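> show me how the following folds:
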Amino acid sequence: MRKTRTSRTAFRRPIQVILMLLAVVTGALFSTGTAQAHGTVVGPATRAYQCWKTWGNDHLNPIMQTQDPMCWQAFQANPNTMWNWMSMLQDGLGGQFEQRIPNGKLCSNNHPNFESLNRPGAWRMTTVGNNFSIHLYDQASHGADFFRVYVSKQGFNPKTQALGWGDLDFITQTGRYAPANDITFPVSTSGYSGHHIVFTIWQASHLDQAYLMCSDVNFG
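All right, here's what the predicted structure looks like:
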C-alpha cells in the first residue's frame, strides 16, 4: 500500500507541472492573438504592465513570491492578468463609468480576468513628483476621445483598502488625441505624499471602448 501511495504522489507532480505549463502557454498564445490590438498606461506603469515588465521573462521563478507578492498572487489567480496587460477594456460603457464599474472593481475595470488587481497590498510603485507625465502605449493606434486622470485621496491606503470612486480626487481631463502608438501628456498635482494610486480612464476613439487602469506611485 505504501508503494502505491508513493507512486501516485510521484505521478501527480509531473501532471501539476504540465498543467501549469499549459496555462502559461495558453496565456502566451492569447496574448499574441486578439490582445495585440490594445494598449495601456506604461508610465507610471499600471499594475498588470508592471508585473509583465518585471516578471514576463521570469514568471516561473519562485522568488517572485517574496520579492513581488502582489504580482505573484495575480499570476497564481490568472496568468492572463500578466500576459494580457494590454486588454483590460470594457465595450459600450457610454461614459457611465461610475454607474457601470462598482466600487472595489476599479483596478480591474470590472473584468473577471483581472480581478486580482483589485486586491490591496504592497504593489510596486513608480516614484513621481507633483508634476509628472502619463504615457500610453497603444499597440493599434486607436487614439483617444479623452483621458481622465484621478489620484487617490491623501489618507487612503492602497496597502489595506480596495479603491472606490469616493476615494479619488479628480485631477484633469484631456481633449482628443489622434491615433498614435505613443501618447504622452502632463499631469499637475499638489499636496500628495507617499503611496497613492493614479487612476486613468482612456476612452479610445475607434469604438465605445474604455480602459480603466491603476498605477501605483510614490509621491516623493
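> what secondary structure does Tyr76 sit in?
Residue 76: Gln, not Tyr. helix (DSSP: H, G, I helix; E, B strand; the rest coil).
> okay, it: pLDDT?
On pLDDT, Gln76 comes in at 94.
> residues near it, how many?
13 (other CB atoms under 10 Å). Where C-beta positions appear, they are placed from N, C-alpha and C, glycine not excepted.
> ok, it to His59 distance?
11 Å (CB to CB, to the nearest Å).
> for Arg124, grab phi and psi.
As for Arg124, its main-chain torsions (degrees, to the nearest 10) stand at phi -60, psi 140.
> is it correct that it is in contact with Ser215?
No: the pair Arg124 / Ser215 is not scored as a contact, 10.4 Å apart, by CB atoms under 8 Å.
> out of these two, which sits in the busier spot?
Higher neighbour count among Arg124 and Ser215: Ser215, with 26 against 16, using other CB under 10 Å.
> outside of the host helix or strand of Asp169, which residues touch it?
Assigned by DSSP states H and E, Asp169 belongs to strand 168-173. With contact meaning CB atoms under 8 Å, 6 or more residues apart in numbering, strand 168-173 is reached by 146-153, 187-189, 199.
> widest-spaced pair of those residues?
Phe146 and Lys153 (22.4 Å; CB to CB).
> who does the helix or strand following the strand holding Asp169 pair up with?
Next in sequence after strand 168-173, counting helices and strands by DSSP H and E, comes strand 182-188. With DSSP bridges as the test, strand 182-188 is paired with strand 131-138 (antiparallel).
> give me the angle between the helix or strand following the strand it pairs with and strand 182-188.
The element immediately downstream of strand 131-138 (helix or strand, assigned by DSSP H and E) is strand 144-152. In terms of direction (axes from the mean of the first three to the mean of the last three CA atoms, to 10 degrees), strand 144-152 departs from strand 182-188 by 40 degrees.
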